[in-house]
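here is the input, now give the coordinates:
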Amino acid sequence: MSTFPWLKGHGTENDFVLLPDPDGSVHGELDASVVRFLCDRHAGLGADGVLRVIEGSKQAYVEDGGDWFMDYRNADGSIAEMCGNGVRVFVRYLAEAGLVGDKPVRVGTRAGVKEVVLNDDGTITVDMGAPALPGPAGIVVEANGHQWPALHVDMGNPHAVAFVDSLDEPGNLCDQPSWSPANAFPHGVNIEFVVRKGPNEVAMRVHERGSGETRSCGTGTCAVAVAATRAAHQAPPVMYSVVVPGGSVTVNWREDNHLELTGPAVIHARGDFDRSWLPA
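Coordinates of the predicted model:
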């Protein structure tokens, strides 16, 4: 096949290239160099990551692929377990393509199956599962010459959440902030910097491993809600509004310990890509 279809979408301006590949035959084992090229904002289509859309029964990555499997890759081509904004964009595409109905959609990911619901107001809600707080204690993150204590929250992928006095303090987040102890995150980590805006409302910036600073991070907003709840000596059930550079989302920490992420998702471009355009 000399061409392949693509779409672009975003959730609170965390943007993705989607590659429809129902039976997994179009792209085979998705090459990291192809992902990097597609995500390049100057030479490619430009995105924070790539979402390949595969029927759950046709993928070979996990035991339970759900109704549809989200094969997610970071902008640098590396594999990521889960993406809270990406899964909403993923289901928006499925709905607009007529591939799912009104019932909740079971989306397979490398962090397990996530149940996703399309709401009447146009937003999409994802059951993100239960958070884990694996430690170790004493994590410190550093950026722009400053250091802050951070909480390790695992949402299927690792996060280090640090509260700051101002979101300007971390400076330029294009480069990965450092952390200690060095072995706390052997596979890298997403780092969130957070300020409290009011009761049950916070704002954040994020550096995502493999992508740099992004306008939003869905799993990151959940990690931040967990950290904010603990810092305020609250307990589930509790709901937080999380403001990101690309908009805002709501995180509901339910009594059963699951986190629900609700926010917008849109598809805003589509086309066909000629394989001859890919670099040699």
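
which residues does the one residue sitting closest to the centre of the chain contact?
Centroid-nearest residue in the chain, with CA atoms, centre = their mean: C83, separated by 2.6 Å. Contacts for C83 (CB atoms under 8 Å, 6 or more residues apart in numbering) come out as 14, 16, 49, 51, 70, 72, 109, 218-219. C-beta coordinates here come from the backbone N, C-alpha and C atoms, glycine included.

same question for G188.
158, 176, 209-210.

hmm, back to that, what about the contacts of C83, which are in helices?
If you go by DSSP state H, those have 218-219 in helices.

mind checking pLDDT for M1?
What the model reports for M1 is a pLDDT of 69.

scratch that, D102 is what I was asking about
Confidence score, pLDDT, at D102: 85.

now it: closest residue in space that isn't a chain neighbour?
Take D102 and drop its neighbours on the chain: the residue closest to it by CB to CB, 6 or more residues apart in numbering is L118, 7.4 Å away.

one step back: need the contacts of G188 in TSV (columns: pLDDT, secondary structure and distance to D31).
Below are those laid out as TSV (pLDDT from 0 to 100; DSSP: H, G, I helix; E, B strand; the rest coil; distance: CB to CB, whole Å):
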residue	pLDDT	secondary structure	distance to D31
P158	96	strand	25
Q176	91	coil	23
R209	95	coil	20
G210	93	coil	15
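
distance of the residue nearest to D102 relative to D15?
20 Å (CB to CB, to the nearest Å).

look at the two and report which has more neighbours.
It is D15, of L118 and D15, that has more neighbours when counted by other CB atoms under 10 Å, with 26 against 21.

now do the helices in the stretch 51-200 of the chain.
84-96 (DSSP state H, counting those that start in this stretch).

how about the strands in it?
Listed in chain order, the strands of the stretch 51-200 of the chain (DSSP state E, counting those that start in this stretch) span 68-74, 105-109, 112-118, 124-129, 140-143, 146-149, 151-154, 158-163, 178-180, 190-198.

quick one: mean pLDDT over the longest one.
Averaged across strand 190-198, the pLDDT comes to 97.

could the C-alpha coordinates of the helix or strand following that strand be exported in PDB?
For strand 190-198, the following helix or strand on the C-terminal side (DSSP states H and E) is strand 201-208. C-alpha atoms of strand 201-208 as PDB (Å, rounded to 0.1, in the frame of the first residue of the first chain):
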ATOM      1  CA  GLU A 201      -8.900  23.400  42.000                       C
ATOM      2  CA  VAL A 202      -5.300  23.200  40.900                       C
ATOM      3  CA  ALA A 203      -3.300  24.300  37.800                       C
ATOM      4  CA  MET A 204      -0.300  22.400  36.400                       C
ATOM      5  CA  ARG A 205       2.500  22.200  33.800                       C
ATOM      6  CA  VAL A 206       4.000  18.900  32.700                       C
ATOM      7  CA  HIS A 207       7.100  17.500  31.100                       C
ATOM      8  CA  GLU A 208       6.100  14.100  29.500                       C
END
